[in-house]
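Undergrad: the amino acid sequence is not available; the structure is as follows:
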């Protein structure tokens, strides 16, 4: 079993829909990261969380430390949000462990 | 933008040749990582470093070696490249700072072994 599990693996949505991507982890962590990767592109850090909730524009990230679970929400989705979203955790020795990613496609 | 750069960004090499990829950071972060990204596998850890001359293996370390002789540089070497090492390689850095546990990522190196 992977230390970091994401769901769903693939997601298709229509423009304007509210999107949720989930991440569960099984290890103790010091922080959780949500990352974005456009096709053929580099990896961009969207959020770093150790508790609670963060919001940036149409993106919202939450984390529940007790349940070892985090969610990334996208409100009013747009085709430019189409990308792979990756959850990563920093555990012992600040070592980064990644989930396998969620491929999001937003259509017009 | 965070100070992390990878070089080269693209490389084509022949089977059996040695290849070295470089990750350079200007953030003075303690931890540096090399990952490979392949379809269906996500990002898999090859090796990581927790300080100068301190390195450890990740889950897919066979065929790879690393060196970190100074804080800012982490080198990944394929001693004798094979076609199975065709992949996109990402470097990452992280550390605990006053802002929390920060992590930054390089732009990736696309390596093709022919």
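TA: Yes, it's here. For clarity, every value in this text was computed on a predicted model and none was experimentally measured.
Undergrad: residues from chain B in reach of chain A?
TA: With C-beta under 8 Å from any C-beta of the partner chain as the criterion, chain B comes near chain A at residues B:30-31, B:33, B:35, B:41-43, B:45, B:48, B:50, B:90, B:92, B:94-96, B:100-108. (Each C-beta comes from the backbone N, C-alpha and C, glycine too.)
Undergrad: which strands and helices lie in contact with the worst-scoring helix or strand of chain B on mean pLDDT?
TA: Least confident element among the helices and strands of chain B, by mean pLDDT, DSSP states H and E: strand B:100-105 (a mean of 80). The contact analysis (3 or more C-beta pairs under 8 Å, 6 or more residues apart in numbering or on different chains; DSSP states H and E) places strand B:100-105 against strand A:31-37, strand A:43-49, strand A:83-90, strand B:87-97.
Undergrad: could you report the pLDDT at the residue nearest the centre of chain B?
TA: Chain B has residue B:34 as the residue nearest its centroid, 2.7 Å off, counting by C-alpha atoms, centre = their mean. For residue B:34, the pLDDT comes out at 96.
Undergrad: likewise for residue A:39?
TA: At residue A:39, the model reports a pLDDT of 83.
Undergrad: partners of the nearest residue to it once chain neighbours are set aside in the sheet?
TA: Of all residues not flanking residue A:39 in the chain, residue A:83 sits nearest, at 7.5 Å (C-beta to C-beta, 6 or more residues apart in numbering or on different chains). On the basis of DSSP bridges, residue A:83 takes part in beta bridges with residue A:104.
Undergrad: burial check on residue A:83, number of neighbours?
TA: Number of residues near residue A:83 (other C-beta atoms under 10 Å in any protein chain shown) recorded here: 20.
Undergrad: if I pick it, what's in contact with it?
TA: By C-beta atoms under 8 Å, 6 or more residues apart in numbering or on different chains, the contact list for residue A:83 reads A:36, A:37, A:38, A:39, A:104.
Undergrad: relative to residue A:59, how far out is the residue nearest to residue A:85 when sequence neighbours are not counted?
TA: Spatial nearest neighbour of residue A:85, excluding adjacent residues (C-beta to C-beta, 6+ apart): residue A:102 at 4.9 Å. To residue A:59, residue A:102 is 14 Å away according to C-beta to C-beta, to the nearest Å.
Undergrad: strands of the chain, residue ranges please.
TA: Picking chain A for this. A:4-7, A:10-14, A:19-25, A:31-37, A:43-49, A:52-56, A:59-64, A:69-74, A:83-90, A:96-98, A:102-107 (DSSP state E).
Undergrad: hmm, I had chain B in mind actually
TA: All strands of chain B, identified by DSSP E, fall at B:4-7, B:10-13, B:19-25, B:31-38, B:42-51, B:54-57, B:64-70, B:73-78, B:87-97, B:100-105, B:109-113.
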